[in-house]
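Novice: Just need the structure, nothing else, for what follows:
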Amino acid sequence: TMDEFAVVLKGLEEAGMVILLDKYRGGESREALVARFVKARGGDTKKALNLLKDDLTWREEHKMNEFRMLTAGQVLLEDKYPLSRKKHDELFSHGFLGYDKFNRPILYKWYNKNYVIPFAEGLDVDTMSKYNMWMVERLQASMEDRGQWTIIIDLDDYSVFMASPKNLRYCNSLATVDAAHYPERLGHIFIINAPGLFSAAWKIIASWIDAPTRAKVSLLSRDQWRGPLGETMDLDLLPEHLGGRTVLQYSPHSLDPPGTRPPAA
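Specialist: Numbers count the residues shown, from 1 in each chain. Predicted coordinates for the structure are as follows:
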């Protein structure tokens, strides 16, 4: 409401942070941004203000406007570890698929059973968590910082070895960062081709996620996902190995800033 907006904005003014609000809101209005944070805190304006102040401080400390303009190769330290970047893209098929029926950008992720951190030199938990942060920043940029996104996580090649302590720490890092810095950005997560043996890992991961976010997660087995996913998006947007038409590309990456890609033919 406008009353909630006024309370939060006054708090930002008193903290001298309105300039940061405008610096990092992109194409999103002040009102819409504040509304996301208030909703994420159940209407509690004091908690929403603290969350927003922490987020703005974090964005300024990490120079997020500059960070989101990096390429995938830069985030993955490709110049220093070229073979590691290659192995990363072999074990982690992923990329931007387009927009769903609600005009939300779609991010697809497929993890090879050998995706057990650290699976290559330089690609530790911190680097991989940073890379995920870059992906969601690029999603946010693709929608001009307005609205929500859709995530597809494909567990077709899942192995119990993927639930290693470091992989779980990676998952915990993602849940923590998303909750703190991307409130109400998630439209839906589809976990597809989920085998029964994933249930143990999911029980742990779900405990790190609040109830409203868990309600946006669909855990779907191999023979369950096409119907629900088809209600949200055109299945032609899926990667070729799932029957769609999208060719996942990494050089340049499908999420790289536009200026870093070669001109269209």
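Novice: Any idea how many residues pack against Asp157?
Specialist: 16 (other Cβ atoms under 10 Å). For every residue, glycine as well, the C-beta is placed using N, CA and C.
Novice: swap that for Ala6, sorry
Specialist: Counted with other Cβ under 10 Å, residues neighbouring Ala6 total 12.
Novice: now Glu231
Specialist: Quick note: Glu231 (other Cβ under 10 Å) scores 9 neighbours.
Novice: do the same with Ala211
Specialist: With other Cβ under 10 Å as criterion, Ala211 counts 7.
Novice: Who are the contact partners of it?
Specialist: With contact set as Cβ atoms under 8 Å, 6 or more residues apart in numbering, Ala211 has no partners.
Novice: Identify the residue spatially nearest to the residue sitting nearest the centre point of the chain, adjacent ones excluded.
Specialist: In the chain, the residue lying closest to the centroid (Cα atoms, centre = their mean) is Val136, at 3.7 Å. Leaving aside its chain neighbours, Val136 sits nearest to Tyr182 (6.1 Å; criterion: Cβ to Cβ, 6 or more residues apart in numbering).
Novice: Local confidence estimate at the one you found?
Specialist: Here, the pLDDT recorded for Tyr182 equals 97.
Novice: Quick check on it: phi, psi?
Specialist: phi -130, psi 50 (degrees, to the nearest 10).
Novice: so how far is Val7 from it?
Specialist: Remark: distance between Tyr182 and Val7 (Cβ to Cβ, to the nearest Å) = 22 Å.
Novice: Just want to know which of the two has more residues nearby.
Specialist: Neighbours were counted for Tyr182 and for Val7 using other Cβ under 10 Å; Tyr182 has more, 19 against 16.
Novice: thinking again about what came up before, was I right about the residue nearest to Val136 contacting Met133?
Specialist: No: taking contacts as Cβ atoms under 8 Å, Tyr182 lies outside contact range of Met133: 9.2 Å.
Novice: what about the strands in this protein?
Specialist: Here the chain has its strands, by DSSP state E, at 92-99, 105-111, 149-154, 186-192, 217-219.
Novice: In CSV: those strands, plus mean pLDDT and mean neighbour count.
Specialist: CSV is the format used below for the strands of the chain (pLDDT from 0 to 100; neighbours: other Cβ atoms under 10 Å):
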stretch, mean pLDDT, mean neighbour count
strand 92-99, 95, 20
strand 105-111, 96, 22
strand 149-154, 97, 22
strand 186-192, 97, 21
strand 217-219, 96, 17
